[in-house]
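S.K.: Please work out how this folds:
(one chain, ligands or ions: 1)
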Amino acid sequence: MDFFKLLGAGAKFDKSRFKEDISVFKPSRRAEHETVDVVDSVPKELDFFGDHSRQQHQQHGSKEAVPTRQLAGSASQYIKHENDHAPFTSSLDVAEYLKRHRIKVTGTDVPHPIKTFEMLYREHSFQPFVLRNLEKFGFTQPTPIQMQAIPISVHGRDLIANAPTGSGKTLAFLLAILHQVHSPEKEGFFRAVIVSPTRELATQIYEHLRNLTSGRKIKVCLMTKAAAAAMVEQDPAQRPKFDILVTTPLRLVHAIQGGEADLSRVRHLVLDEADSLMDKGFLEQVDEILAACSSPNLQISLFSATMPSSVEEMAKTIMKNPIRIIVGSKNAATETIEQKLVYVGQEEGKLLEIRRMILTGFKPPCLIFVQSIERAKELFHELVFENINVDVIHSERTQTQRNRIVQKFRSGDLWVLICTELMARGIDFKGVNVVINYDFPQSAQSYIHRIGRTGRAGREGKAVTFFTKEDAPHLKTIVNVMRESGCEIPEWMLQLKKPSQDNKKKLKKNPVERNAISTRPKYDLKRRSHKKQIIEQSKAKKLRQQEATESSSKTAAVDDE
Ligand SMILES: Nc1ncnc2c1ncn2[C@@H]1O[C@H](COP(=O)(O)OP(=O)(O)OP(=O)(O)O)[C@@H](O)[C@H]1O
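M.R.: Just a heads-up that it's a prediction; the model follows:
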């Protein structure tokens, strides 16, 4: 029996490359004579995921070798329907409309959704400039999250919104804010604050807002390092007045502590990528921001493509009677993304696979995710000689470099961008064709956001995730996401054991240890590191000698005096 055909069910395997693994998984004589359905079952010998139970499920499953996306219904949220302009006639009518757009809403006194942007003007007294700008920038029809989130926010209600990546969440909260802040206030206090976890995302939201406010005197502040430094220098009475603030958490906390940002008049606080902001790394800062937003009428909105229950529970403690929206399935990946898992054997197999992809019709633009800055640099040094336009972005690069790289990737000058988790959330590169998870993601959330950089706004995209034997215990986490987003999964993958909560936590905290990314033989690497060590030791010795000579000549000079 062909075990690598079997392993290939739901993943890709190259037999010639995995000779060693073939011997590891070599079937017993008895197993060779068994007639087993190629896809449905995995014998013990291949049970490197530690799940023996799936043998009992031989009769189920698909014969599809690679998981494919189920197309049915995936683009439904963008399809216009005949009755889209007619007002709602009954609550049944509303329920049917929500169902058709796969919008689930929970909460009390939920305002009706909108069917068109024009309804914002007719039913919610939006200013005409908003409609003009929407048209100017090509937004003709609201997406499902916009249909329901905007009226809720306009009614001043707290909101927890969970909708897929690339489904237009940004415009949903920006339009609500524009309605609330449609004319500039003379005193110029911040009236709305949008917090996002990265500078890149904050900049993107700011640009989006600038487009939507064009032609109006609404003042928007992007809290950059330079802007914050300028505020510190300025006399408080002379500081420019702003209506809306877009910021990262730490920058804002510094401004609050330094007295440059007064949030006492903020009416609406939006936490974009809320689950990330309410995670340990940011929680303290978010607490401080919340404390500074002291208005009794504060309205809070949380948006993300992933909203774990623990975050929702925590969120409810700071919100007043919130309404919750889920578009599609909760915490699922976007359905227009074709997702694939590729088994690469050892760590070294990843480079071979990526080179094979480049040689055999690789369609840029492409984002490649790795788990650390070190690995991003290593991969860049390997791919830079491949005759492709490649660059690398991570938090150790300067802000100017980061801005330039993002710009080049957007304009198509860069084909391949190697990145860390820094780029996983929110960044809207419209035409990314493929996302490669070179390193297996550390959580389902990370997977959903990373692959969500493709397949945006109803477009199609591809996501390829490499996995080695070390990643196998966590494979089920990703398989579950794939299933939730409509991929067909072979039965044996569905039967894999779930990683324990403990294991999940461990992986989230620390990534899997991996060999360095390099095509150089290990012997070469060892020799290089040894050589480097000798050079450093010799430099240190020289320095010590120099210092000793200097100090003895100083003593001599003192003696002479
Ligand atoms: N109503 C609309 N019609 C057409 N395009 C839209 C509409 N709303 C948003 N878009 C576009 O869809 C793309 C994705 O939107 P956005 O970045 O807001 O997604 P998101 O839901 O915030 O994703 P993520 O979870 O990754 O942050 C953007 O290019 C945006 O301009």
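S.K.: For the stretch 401-550 of the chain, which residues are neighbours of the ligand?
M.R.: With C-beta under 6 Å from any ligand atom as the criterion, the stretch 401-550 of the chain meets the ligand at residues Gly426, Asp428, Lys430, Gly452, Arg456, Ala457. (C-beta placed from N, C-alpha, C; glycine too.)
S.K.: Save those as a markdown table, and put in neighbour count and distance to Ser443 too.
M.R.: As requested, these are exported to a markdown table (neighbours: other C-beta atoms under 10 Å; distance: C-beta to C-beta, whole Å):
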| residue | neighbour count | distance to Ser443 |
| --- | --- | --- |
| Gly426 | 26 | 17 |
| Asp428 | 19 | 22 |
| Lys430 | 11 | 26 |
| Gly452 | 27 | 14 |
| Arg456 | 22 | 21 |
| Ala457 | 13 | 25 |
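S.K.: Just give me the least confident of the residues you listed.
M.R.: Across those, the smallest pLDDT goes to Lys430, namely 81.
S.K.: Look up how far Ile152 lies from Ser309.
M.R.: 21 Å (C-beta to C-beta, to the nearest Å).
S.K.: for Pro322, that is, sorry about that
M.R.: Relative to Ile152, and taking C-beta to C-beta, Pro322 is found at 9 Å.
S.K.: shared neighbours of these two, anything?
M.R.: Overlap of the contact sets of Pro322 and Ile152 (by C-beta atoms under 8 Å, 6 or more residues apart in numbering) consists of Leu159.
S.K.: Give the residue from these two that has the larger number of neighbours.
M.R.: Neighbour tally, Pro322 and Ile152, criterion other C-beta atoms under 10 Å: the higher count belongs to Ile152, 26 against 22.
S.K.: pLDDT weak spots in the chain?
M.R.: 1-84, 183-187, 520-529, 551-561 (pLDDT under 70).
S.K.: Could you pick out the residues of it near the ligand for me?
M.R.: Going by C-beta under 6 Å from any ligand atom, the residues of the chain near the ligand are 139, 141-143, 146, 163, 165-171, 305, 426, 428, 430, 452, 456-457.
S.K.: Next, Ile534: secondary structure please.
M.R.: helix (DSSP: H, G, I helix; E, B strand; the rest coil).
S.K.: what about it, how many neighbours?
M.R.: Burial measure for Ile534: 10 neighbouring residues, criterion other C-beta under 10 Å.
S.K.: Now the residue of the stretch 1-150 of the chain found nearest the ligand. Its backbone dihedrals?
M.R.: Of all residues in the stretch 1-150 of the chain, Phe139 sits closest to the ligand, at 4.4 Å by C-beta to the nearest ligand atom. With angles defined as degrees, to the nearest 10, Phe139 sits at phi -100, psi 100.
S.K.: show me where the stretch 351-500 of the chain has helices.
M.R.: For the stretch 351-500 of the chain, the helices defined by DSSP state H, counting those that start in this stretch cover 373-383, 399-411, 444-451, 475-484, 491-494.
S.K.: which stretch among these comes nearest Leu212?
M.R.: helix 399-411 (18.9 Å; C-beta to C-beta).
S.K.: Run the chain-centre distance for the helix or strand where Val246 lies.
M.R.: Element membership for Val246, per DSSP states H and E: strand 244-247. Remark: strand 244-247 is offset 21 Å from the chain centroid, using C-alpha atoms, centre = their mean, to the nearest Å.
S.K.: before we move on, the earlier item: please spell out the ChimeraX selection for the buried subset of the residues of the chain next to the ligand.
M.R.: Listed next is the ChimeraX selection for buried residues among the residues of the chain next to the ligand, using 16 or more other C-beta atoms under 10 Å:
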select :139,142,143,146,163,165,166,167,168,169,170,171,305,426,428,452,456
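S.K.: How much space separates the nearest residue to Ile337 once chain neighbours are set aside from the ligand?
M.R.: Ranked by C-beta to C-beta, 6 or more residues apart in numbering and with sequence neighbours excluded, the top spatial neighbour of Ile337 is Gly455, at 3.8 Å. Counting by C-beta to the nearest ligand atom, to the nearest Å, the separation of Gly455 from the ligand is 10 Å.
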